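J.: coords please:
(2 chains)
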2 protein chains.
Amino acid sequence: MADKKKRRRAAHDSDSDSDALPFKSKLKPDSVILQTLKNLKASSAASSSKTPTLADVGLSTTCREVTDLPIDEVQYNIGSVMLNLARSILAGEGFSFNVPSRSSANQLYVPELDRIILKDKSSIRAFSNVSTVRKTTITTRILQLIHQLCTKNIHVTKRDLFYTDVKLFQDQTQSDTVLDDVSCILGCTRSSLNVVAAEKGVVVGRLIFSDDGDMIDCTKMGMGGKAIPPNIDRVGDMQSDALFILLVEKDAAYMRLAEDRFYNRFPCIIVTAKGQPDVATRLFLRKMKMELNLPVLALVDSDPYGLKILSVYGCGSKNMSYDSANLTTPDIKWLGIRPSDLDKYKIPDQCRLPMTEQDIKTGKDLLEEDFVKKNPAWVEELNLMVKTKQKAEIQALSSFGFQYLSEVYLPLKLQEQDWL
Amino acid sequence: MADKKKRRRAAHDSDSDSDALPFKSKLKPDSVILQTLKNLKASSAASSSKTPTLADVGLSTTCREVTDLPIDEVQYNIGSVMLNLARSILAGEGFSFNVPSRSSANQLYVPELDRIILKDKSSIRAFSNVSTVRKTTITTRILQLIHQLCTKNIHVTKRDLFYTDVKLFQDQTQSDTVLDDVSCILGCTRSSLNVVAAEKGVVVGRLIFSDDGDMIDCTKMGMGGKAIPPNIDRVGDMQSDALFILLVEKDAAYMRLAEDRFYNRFPCIIVTAKGQPDVATRLFLRKMKMELNLPVLALVDSDPYGLKILSVYGCGSKNMSYDSANLTTPDIKWLGIRPSDLDKYKIPDQCRLPMTEQDIKTGKDLLEEDFVKKNPAWVEELNLMVKTKQKAEIQALSSFGFQYLSEVYLPLKLQEQDWL
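T.: Presented below is the predicted three-dimensional model:
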């Protein structure tokens, strides 16, 4: 039946004759590829049990990290901060907060942890100082609002928070900045504060989880998939028979894989943030990796931004380095599209794009980053990109047919264990 | 129990004492509001059976529209176009397409239909003419690719389509433009061509539907909701006990309502495109409205862009006027935030924003648009906005407490039947 269809297609359109697809002949039976993936999963599960902590690398006294805290502990911590303030005032020592510094001078990439963390510098934010009185007031107000959110146990966005007191905050960057400070002061993640980011990620495939009490089966989410919930603390009970997680940079590639139900041929969970990773998707990816012990393979564009996106998932953004332990997913493998794939898979010249000056600069900057340097194979790929000055989107594979990605490229990549 | 909780809250934080919320005392019991909504639904169902068509308003010969076609008809139409081409060549009359014009001079707003439609002007796109030879070639190639998509019955994005022949298309605007031409030539919607836009909308609430064969219950989608599928032709079997559809402009308001499970208190379906309406969300909204016969109430920012977004849902964008019949949802009510709400609900001054010059210009331009003019109450609201030069986001309601939107503002609006 399938054969008949194929012949019918081939008869009036030789382009779509999949037997003619480049490299298709190299594909082994799916059972062989599945065995490869089972081995990958087993080795990933064996290695991931020993994720090092700050204490393991002897940094627990000189670096700081926040953790997920239940809301009653967040409230308790706010209470403690306020009690200390009151004591300080009564002792005649005034009204001030001790705020951990989040400046880049206070940040550190730790190779053993493979992520950016925050060192222990902090500063005094005093009410009596004319240069800090405003920030001190804002900090107090944010602490009050967070306390209220915890009492009601509801979630709001940063924008909501800003609007509760526009007169004081003036513009949203002010309340946003202090919100990050408050995370550091209380030693908890921003999610623990019940302040969430707008969601934009979607997930589909071999995953069952609970979202606010509802059980979601992601194999039964059609082509659209399930929107990733903004509040990770109400996500739980993850179950899966997947062999790996496929992290996809772009929407279009996600759609292709969802429509082709790629996850039924190779049991996997497919997830995308549709471009720049948002906090909700980063938290969700980490939670999957941790609870399910699955390897993560990434499919991004072959350009500096693809690698940058990979790095945000993998070792965090500088902006939220205080929370890197909760936001980052260790050991993400770079599956494709890699600069070396362009020649290897004979991507036609007209589907490659010349890198702009800015692209090349970003590429060279990335070569200086620790998270790239620690992986010599990545350095080699990035060097090739900067040398050839060529980039390509995942979509470039469509030049071999719309389903080349799901039918040839990815299966072959998996078969050859061609990830770095 | 609820009372006790409230008192506990009031005891240590008077801001959050919901009894003190402005206008809360005006709220009647939910049963009264529900009856209002039942009446609205009944009247909406009675009126929506007679949506006028081009023929009803005597325009079927001078205006053109596309319709949803099954893929075998799309293929048949492509076949006919090609046969006619062959006949024309054999008859010595050369190789040319007759392409409907999509320029703004060929567009018309029809008050009886309440949407923008395309008039019947068209032009000859000839292969033998040096100025149109490229476009003729691109048109032929796109027709071939669409034929291929129909044979395989898969969906791709415009970006995928572009990448199948970068050498010919050169840049994506060229293949995109011709794709719209091809819709007009074949007389079918872009969805019928199996070319879909990236999805960004989400839906939650009292709706059950099938997505590519999977049954989705949107009351059991947690807080994240269900991602709206990119391909409307695989969406079906809609069932609902909702009394109305709540169309929300922004993500944050959607999240608030989803977390508070607003749809359980007032049975409704909540949908958002997270800003600018995308094609998938517009098609989904229309399908809900048509299949379920439900009134649609819109919650947008009180600024010119809020109204503009409302107009795109309601009567279409100029860019896709050839498909306005399928993309637009008739009779959307403007629930809020309306310019008159700012004073009525005593939105504090610091939560209102001054309109920029550009805002005011956009507002004045909107006053000239037919879709605004046909609704005198809308004109009045817009005049007020332009006069006071003030705008406000939905989030501004957070100044009365994070849940003011779901607990007071919306219930009161519904109770007072305060929509236009």
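
J.: Burial check on the residue lying closest to A:Pro229 once chain neighbours are set aside, number of neighbours?
T.: Leaving out its chain neighbours, the residue that sits closest to A:Pro229 by CB to CB, 6 or more residues apart in numbering or on different chains is B:Gly224, at 3.4 Å. For every residue, glycine as well, the C-beta is placed using N, CA and C. Residue neighbour count, defined by other CB atoms under 10 Å in any protein chain shown, stands at 28 for B:Gly224.

J.: Let's see the pLDDT reported for B:Gly224.
T.: Looking at B:Gly224, its pLDDT reads 85.

J.: Ok, A:Leu382 next?
T.: For A:Leu382, the model assigns a pLDDT of 95.

J.: what's the helix or strand for it?
T.: Applying DSSP states H and E as the criterion places A:Leu382 in helix A:376-388.

J.: Now A:Leu247. Its backbone dihedrals?
T.: For A:Leu247, the backbone dihedrals (degrees, to the nearest 10) come out as phi -90, psi 120.

J.: My error: substitute A:Val204 in the last question.
T.: phi -150, psi 150.

J.: Which residue, other than its chain neighbours, is closest to it?
T.: Closest to A:Val204 by CB to CB, 6+ apart is A:Gly225, at 3.7 Å.

J.: since we're on the one you found, how many residues are nearby?
T.: Neighbours of A:Gly225 (other CB under 10 Å): 25.

J.: show me what contacts it?
T.: A:Gly225 makes contact with A:202-204, A:218, A:254, A:258, A:270, B:227, according to CB atoms under 8 Å, 6 or more residues apart in numbering or on different chains.

J.: So which of these belong to helices?
T.: Applying DSSP state H to the contacts of A:Gly225, the entries found in helices are A:254, A:258.

J.: so how far is A:Phe266 from A:Asp30?
T.: 7 Å (CB to CB, to the nearest Å).

J.: And the two? Which one has more around it.
T.: A:Phe266 (21 against 13).

J.: Hmm, the more buried one is touching A:Gln415, no?
T.: No - applying CB atoms under 8 Å as the test, A:Phe266 and A:Gln415 come out as separate, 10.1 Å apart.

J.: overlap in contacts of those two?
T.: A:Ile33.

J.: ranges for the helices of the stretch 1-150 of chain A?
T.: Taking DSSP state H, counting those that start in this stretch as the criterion, the stretch 1-150 of chain A contains helices spanning A:2-12, A:30-48, A:71-90, A:133-152.

J.: Over to the stretch 151-300 of chain A?
T.: Taking DSSP H, counting those that start in this stretch as the criterion, the stretch 151-300 of chain A carries its helices at A:158-163, A:166-169, A:172-186, A:251-259, A:262-265, A:279-292.

J.: Can you tell me which residues in the stretch 51-200 of chain A are near chain B?
T.: For the stretch 51-200 of chain A, the residues in contact with chain B (CB under 8 Å from any CB of the partner chain) are A:144, A:147-149, A:151-152, A:154-157, A:159-167, A:196, A:198-200.

J.: thinking again about what came up before, most packed of the helices of the stretch 151-300 of chain A?
T.: When the helices of the stretch 151-300 of chain A are scored by mean count of other CB atoms under 10 Å in any protein chain shown, the highest mean neighbour count falls to helix A:251-259 (a mean of 26).

J.: quick one: pLDDT of the spatially closest residue to A:Tyr409 that is not a sequence neighbour?
T.: Closest residue in space to A:Tyr409, ignoring its immediate chain neighbours: A:Leu397 at 5.5 Å, by CB to CB, 6+ apart. Note on A:Leu397: pLDDT of 89.

J.: measure A:Leu397 to B:Ser31 for me?
T.: 58 Å.

J.: tell me which element the closest residue to A:Trp334 other than its chain neighbours is part of?
T.: Spatially, and ignoring its direct neighbours in sequence, A:Trp334 is nearest to A:Leu420 (4.7 Å; CB to CB, 6+ apart). Taking DSSP H and E as the definition, A:Leu420 sits outside all helices and strands.

J.: if I look at A:Leu420, how far off is B:Thr139?
T.: 43 Å.

J.: More neighbours: the two, which one.
T.: Taking neighbours as other CB under 10 Å, A:Leu420 and B:Thr139 compare with B:Thr139 leading, 23 against 14.

J.: Please report phi then psi for the closest residue to A:Pro111 other than its chain neighbours.
T.: Closest residue to A:Pro111 in three dimensions, ignoring its sequence neighbours and counting by CB to CB, 6+ apart: A:Lys374, at 5.2 Å. Per-residue torsions, A:Lys374: phi -70, psi -10 (degrees, to the nearest 10).

J.: you'd agree A:Lys374 is up against A:Glu112?
T.: No - applying CB under 8 Å as the test, A:Lys374 and A:Glu112 come out as separate, 9.8 Å apart.

J.: what's the average pLDDT for stretch A:42-53?
T.: Stretch A:42-53 comes out at a mean pLDDT of 72.

J.: Point out where the stretch 51-200 of chain A drops to low pLDDT.
T.: Residue ranges of the stretch 51-200 of chain A with pLDDT under 70: A:51, A:198.

J.: what's the neighbour count on A:Gln350?
T.: 15.

J.: thought A:Gly224 was touching B:Cys218?
T.: No - between A:Gly224 and B:Cys218 there is no contact under CB under 8 Å: 11.4 Å.
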